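In: Fold the following and give me the result.
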Amino acid sequence: MHKEWDAFEASKKKFFEDEARVALLRATLEADWAKFESDQKIEEWSVASRKRKAEAEASLLSEERKPWKEICEKDNNNEKMGLRNIINNLKPEVERLKKQDADI
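Out: Below is the predicted model:
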């Protein structure tokens, strides 16, 4: 019975050591898990921050391009008006040439 008691005491001691080791491992796991979640949130915030910066840059670029587009449209309209005036000025010449050609 003495051997059984010693075996029982040894297994009891091993059980408490294992229990302490499990508690330590659980605490380490919980700390690592908290760090992982924190890192994940930081990464998500970083991505969201970069997305907001990109959207702000796109908006700024769009605002900067508006005057440029207006200037280009104005220049194109001026060029179109000039070409239209040239065409209108050439219409009587074309008619005159058609009559001349028809007379020949």
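In: switch to C-alpha atoms for all contacts and neighbour counts from now on
Out: Fine.
In: which regions of the chain lie under the pLDDT threshold?
Out: Low-confidence segments of the chain (pLDDT under 70): 1, 104.
In: Helices of the chain, residue ranges please.
Out: Under the criterion DSSP state H, the chain contains helices at 2-103.
In: And the residue nearest the centre of it?
Out: Lys51 (4.5 Å; C-alpha atoms, centre = their mean).
In: now that one: how far from Lys99?
Out: Distance of Lys51 to Lys99, given as C-alpha to C-alpha, to the nearest Å: 68 Å.
In: I'd like to know how many residues surround Lys80.
Out: 12 (other C-alpha atoms under 10 Å).
In: do the same with the one 4 residues further on
Out: Residue crowding around Arg84 was assessed by other C-alpha under 10 Å; the count is 12.
In: One more: Asn76?
Out: 12.
In: OK, contacts around it?
Out: With contact set as C-alpha atoms under 8 Å, 6 or more residues apart in numbering, Asn76 has no partners.
In: if I look at it, how far off is Thr28?
Out: 70 Å.
In: And Lys98, by the same measure?
Out: For Lys98 relative to Thr28 (C-alpha to C-alpha), the value is 98 Å.
In: go on, Phe36?
Out: 12 Å.
In: Equivalent analysis for Leu90, please.
Out: 90 Å.
In: How about Glu55?
Out: 40 Å.
In: Please apply the same query to Asn88.
Out: For Asn88, the distance to Thr28 - C-alpha to C-alpha - is 87 Å.
In: same thing with Asp39?
Out: 16 Å.
In: ok, now Ala10?
Out: 27 Å.
In: now do Val47
Out: Distance from Val47 to Thr28, by C-alpha to C-alpha: 28 Å.
In: What of Arg96?
Out: Taking C-alpha to C-alpha, one finds Arg96 at 99 Å from Thr28.
In: swap in Asn85?
Out: Distance from Asn85 to Thr28, by C-alpha to C-alpha: 84 Å.
In: Kindly report the same for Asp75.
Out: 70 Å.
In: Same question for Arg52.
Out: For Arg52, the distance to Thr28 - C-alpha to C-alpha - is 36 Å.
In: Same check on Glu93?
Out: Glu93 is 95 Å from Thr28, by C-alpha to C-alpha.
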